[in-house]
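Engineer: A structural model of the following input is requested.
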Amino acid sequence: MVAIRLMKSLCLQSLPPTTLQEIASNHHKGLAKVVLKKGKTQLFRDGSPMVYSGAVDRIIGRPPPRTGDVVVVADGTEKPIGWGLYNSVSMFCVRLMQQEEEATRDPSCALNMEKLLETRIDAAIELRRNLGLPSANTNAYRLVNSEGDRLSGLIVDVFGDLAVIASSAAWVEKYKPHVEACISRIDEINHINWRQSVEMLKEEGLDLTDLKGIHLPTSHQRVKVIENGISYAISPEGQKTGFYADQRENRHFISTISEGQRVLDMCCYSGGFALNAVCGGAVNVTGVDTSMPALELANENIILNNLDPGKISFLRQDATEFMKDAVARNESWDIVILDPPKLAPRRKVLQSASGMYRNLNSLAMQLTRRGGLLMTCSCSGAMTQSGTFMRILQGAASMAGRKITLLRQAGAACDHPIDPSYPEGAYLSNILFRVL
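Structural biologist: Numbers count the residues shown, from 1 in each chain. Model prediction:
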């Protein structure tokens, strides 16, 4: 009888841990536990990756965890619901990386950020391959889209053989060598450019002196890429990661409706919509932007694609001034595209940004011939998530004395996945109207 009990005990001891609680108990470093307030658990059980500080009841562990440490997240009874990466300063106390049932089902990544990074980046690569990226016609795309690829705070854009890594979380900076190693393993990648979102990293508790030691950009001046068969010169040190891959499908759509049309591309950056319009058969295309570096790229792109400079041109002027002048001259276009920069970076400025969106769109509608098309955009997450953009556009139509009909609504391209449990990841609105 004693022998049987001893054998059972030995068998139980030899079994690998099967729950996150057991895995955490066996962790050689010992892990802090972030315990959530009563009633705050379900949001994170449902998959939301951002544990805000107001949801936390207490933290168990001595010494207390430091920014970037792996911690267990638990409900009010201290039962684990997942694990993530801690931040002692940010409003997001923990970025959840894996839920309890996932860790139980596949413990190979449990509490192991290096292994999880490899697994998630491999999954992101496979997803893009399944979406046909890269291809002979397109080698500019998003490889990792933060929460959409379950790596909150990490963005990776690929431009040919260059990967631009955008970091907006303290944990990304901590695991920089491992992130770079994972990206370097991709066959087509020969160069990496690491870019920090400085303002976001300040909110994560990293100061500028920290960042100076971390930021080691490569020396790429220009990179040539292809998107839907159109060539682009891009600057990795330009806006965002250097190129707006999120508008790829919307740019292509413009190429399908532009034959024989006169097209105006406002806030054109390096000319993406304008190039698609002229390649789609537009008879005349005008692009307007205030940035000289962007317009230099746009003019390079005319040459790269052997386009007729008599059909496409770019002007440097403030968008409001250009449109007011054009309205005064009674000018109009068959298709107008309005893609302004982020006017509402935060919810607290949403009201003032709403007025700017309304005024810009009212002018754009006045420049659209009656029966023509207006494609208007907002890349402000606060605006898109507020659900008020359509109402603002209706107000713009009333201000312009026009009637609008909705034809198409879209967002970012399919290589920018969104986690439904984190709707804050949806930021781009692209809307097509008929203007009467």
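Engineer: and the next element down the chain from the host helix or strand of D57?
Structural biologist: Under the assignment given by DSSP states H and E, the secondary-structure element containing D57 is strand 56-60. Taking DSSP H and E as the definition, the helix or strand that follows strand 56-60 towards the C-terminus is strand 70-74.
Engineer: pull that next one out as PDB, backbone CA atoms only.
Structural biologist: What follows is strand 70-74 as a C-alpha-only set of coordinates in PDB (Å, rounded to 0.1, in the frame of the first residue of the first chain):
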ATOM      1  CA  VAL A  70       6.600  39.400 -16.700                       C
ATOM      2  CA  VAL A  71       3.700  39.300 -14.300                       C
ATOM      3  CA  VAL A  72       0.700  37.100 -13.700                       C
ATOM      4  CA  VAL A  73      -2.700  38.900 -13.900                       C
ATOM      5  CA  ALA A  74      -5.400  37.400 -11.600                       C
END
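Engineer: other residues contacting that strand?
Structural biologist: Residues outside strand 70-74 that contact it (CB atoms under 8 Å, 6 or more residues apart in numbering): 20-21, 24, 31-36, 44, 51, 59, 61, 65, 80-86, 94, 96, 111, 113. In this view, the C-beta of every residue, glycine as well, is placed from N, C-alpha and C.
Engineer: tell me the bridge partners for Y52.
Structural biologist: Taking DSSP bridges, one finds F92 as the beta-bridge partners of Y52.
Engineer: that one against F92, yeah?
Structural biologist: Yes: under the criterion of CB atoms under 8 Å, Y52 lies in contact with F92, with a separation of 5.8 Å.
Engineer: tell me, how many residues neighbour T256?
Structural biologist: For T256, the count of nearby residues is 10 (other CB atoms under 10 Å).
Engineer: also E424?
Structural biologist: Using other CB under 10 Å, the number of residues around E424 comes to 14.
Engineer: how near is it to M200?
Structural biologist: Distance of E424 to M200, given as CB to CB, to the nearest Å: 13 Å.
Engineer: find residues that contact each of these two.
Structural biologist: Counting by CB under 8 Å, 6+ apart, E424 and M200 have no common neighbour.
Engineer: doesn't W83 make contact with F44?
Structural biologist: No: the pair F44 / W83 is not scored as a contact, 11.4 Å apart, by CB under 8 Å.
Engineer: what sits against the nearest residue to C268 once chain neighbours are set aside?
Structural biologist: By the measure of CB to CB, 6 or more residues apart in numbering, the closest residue to C268 outside its immediate chain neighbours is G287, 3.5 Å from it. Residues touching G287, when contacts are defined by CB under 8 Å, 6+ apart, comprise 265, 268, 271, 273-274, 295, 298, 312-315.
Engineer: just say helix, strand or coil for N299.
Structural biologist: Secondary structure state of N299, per DSSP: H, G, I helix; E, B strand; the rest coil, is helix.
Engineer: quick check, it in contact with L315.
Structural biologist: No: taking contact to mean CB under 8 Å, the distance of 10.9 Å between N299 and L315 leaves them out of contact.
Engineer: related to what we said a few turns ago, list residues touching both of F44 and W83?
Structural biologist: With contacts taken as CB under 8 Å, 6+ apart, the residues that reach both F44 and W83 are 73, 96.
Engineer: more neighbours: these two, which one.
Structural biologist: Per other CB under 10 Å, whichever of F44 and W83 has more neighbours is W83, with 32 against 22.
Engineer: before we move on, which element is that one in?
Structural biologist: Of the helices and strands defined by DSSP H and E, W83 is found in strand 80-86.
Engineer: mind saving the C-alpha coords of that strand as CSV?
Structural biologist: Taking C-alpha atoms only, strand 80-86 is exported to CSV below (Å, rounded to 0.1, in the frame of the first residue of the first chain):
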residue,chain,number,x,y,z
PRO,A,80,-4.7,33.7,-12.9
ILE,A,81,-6.5,34.9,-16.0
GLY,A,82,-3.3,35.4,-18.0
TRP,A,83,0.1,37.0,-18.0
GLY,A,84,1.7,40.0,-19.5
LEU,A,85,4.3,42.8,-19.2
TYR,A,86,4.2,45.3,-16.4
